[in-house]
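Trainee: Below are the sequence and a predicted model for it; my questions follow.
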Amino acid sequence: MKFKYYLEHITGVSIYPMVSLLIFIVFFTALTVWALKAKKSYITEVKNIPLGNNNDNN
């Protein structure tokens with residue numbers, strides 16, 4: 001038997017794709033809004049973290 005057969009017999013299974021799409025849209029919309037509203041100084045600071053000369057690993 002195929003996986004599709006099992007999904008056809010689950011009551012209410014058609015709601016899951018819609019819920020996952022809604023979560024996807026809300027998450028990336030919120031992320032885009034945050035990225036556009038973030039302070040430029042914070043973005044620059046975080047962008048330069050990998051290039052910093054912190055010797056905390058010793």
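Mentor: Structure received.
Trainee: So E45 versus E8, what's the distance?
Mentor: Distance from E45 to E8, counting by C-beta to C-beta, to the nearest Å: 53 Å. In short, each C-beta sits where N, CA and C put it, glycine included.
Trainee: Let me fix that, I meant to ask about V19.
Mentor: Counting by C-beta to C-beta, the gap from V19 to E8 is 19 Å.
Trainee: likewise A30?
Mentor: Counting by C-beta to C-beta, the separation of A30 from E8 is 34 Å.
Trainee: Now do the helices in this protein.
Mentor: 3-8, 15-37, 40-47 (DSSP state H).
Trainee: Format the CA atom coordinates belonging to the first one as PDB.
Mentor: Read that as helix 3-8. Extracted C-alpha coordinates of helix 3-8, given in PDB (Å, rounded to 0.1, in the frame of the first residue of the first chain):
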ATOM      1  CA  PHE A   3       1.400   6.300   1.800                       C
ATOM      2  CA  LYS A   4      -1.300   8.200   0.000                       C
ATOM      3  CA  TYR A   5      -3.800   5.500   0.900                       C
ATOM      4  CA  TYR A   6      -3.200   6.100   4.600                       C
ATOM      5  CA  LEU A   7      -3.600   9.900   4.200                       C
ATOM      6  CA  GLU A   8      -6.900   9.500   2.400                       C
END
